[in-house]
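[1] give me a 3D structure for the following:
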Amino acid sequence: MEIVTQDEELKLLEIKLNQLKLDYEKYFIGTRPTEPGQLRSEIQKTIIKWSNTRITNSALRFKFNSLNGRYQAFKRQWDSVLRQIEAGTYKRHIFRANLHDRERGVIDEAPDLAALGRAVPPIAAAGAPAAAPRAAANDLFDAYRAAMKSAGQDTSSLSRAKLEAAIAKQEAAVKKQLGCAKVAFTVVVQDGKVKLKAAAG
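    This next block holds a predicted model:
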């Protein structure tokens, strides 16, 4: 029976940790269908075992502490992303969804908040309003303001001129990207923010 030394066991732990990091990256970008739970469980058990072991060799103790620190940092990062995925707020997933919209000729545009002179405060996930109905150009400001009010946001510093300036600033870029002469805007509430969804008019 082959005896595995502590040094070899730590080298194997490092290899597994690097593989787990790669597997999670693949999972988060969508090229791996399932979360690498089994490998993570194996590494977790090894970490617990070593944490309860008295390590007399200072070099091995330093190496384990380094690997354990990396694992704990990765774990916090992975768990954070998993929570975002569960809540539907993970940026890469939102990006892919928006990319599909662009392929269908639809673009999601948030107004230039600097031009509006204010920041949109976050909306509580529970009870966030659904998309507002499509509005004609002259009703866009009213629809945008109504969506903000229904979401409980302050509209005191919002003005028609500021919103129109923000739209005008982005409209040319949207036309160029979609290759169209007209752009139609719809007010939506997405990921805790009131936005304008642009589509070829």
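[2] residue boundaries of the helices in the protein?
    6-29, 37-51, 58-87, 91-103, 113-116, 140-150, 160-178 (DSSP state H).
[3] any idea which of those is most buried?
    helix 140-150 (a mean of 19; mean count of other C-beta atoms under 10 Å). The C-beta positions use only the backbone N, C-alpha and C, and glycine is treated the same way.
[4] and it, what does it pack onto?
    helix 160-178, strand 183-190, strand 193-200 (3 or more C-beta pairs under 8 Å, 6 or more residues apart in numbering; DSSP states H and E).
[5] which of the helices of the chain comes out lowest on mean pLDDT?
    Here the lowest mean pLDDT among the helices of the chain goes to helix 113-116, at a mean of 45.
[6] of all the helices and strands packed on helix 140-150, which lies closest to Y27?
    Of all the helices and strands packed on helix 140-150, it is strand 183-190 that lies closest to Y27, at 24.1 Å by C-beta to C-beta.
[7] now the helices and strands packed on helix 140-150 in CSV, with distance to N18?
    Putting the helices and strands packed on helix 140-150 into CSV (distance: least, C-beta to C-beta, whole Å) gives the following:
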stretch, distance to N18
helix 160-178, 39
strand 183-190, 36
strand 193-200, 37
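[8] which residue, neighbours along the chain excluded, lies closest to W78?
    Y24 (5.4 Å; C-beta to C-beta, 6 or more residues apart in numbering).
[9] now K21, nearest residue through space, not along the chain?
    Nearest one to K21, counting by C-beta to C-beta, 6+ apart, is F74 at 6.0 Å.
[10] touching, K175 and V183? I think so.
    Yes. With contact defined as C-beta atoms under 8 Å, K175 and V183 form a contacting pair (5.9 Å).
[11] possible to save the helices of the chain as TSV with distance to K193?
    Converted to TSV, those look like this (distance: least, C-beta to C-beta, whole Å):
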stretch	distance to K193
helix 6-29	23
helix 37-51	33
helix 58-87	14
helix 91-103	11
helix 113-116	9
helix 140-150	10
helix 160-178	14
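[12] how is the chain divided into domains?
    Residue ranges for each domain of the chain read 6-87, 105-200, as given by automatic domain parsing.
[13] what's the spacing between the first one and its chain's center?
    Which is domain 6-87. 22 Å (C-alpha atoms, centre = their mean, to the nearest Å).
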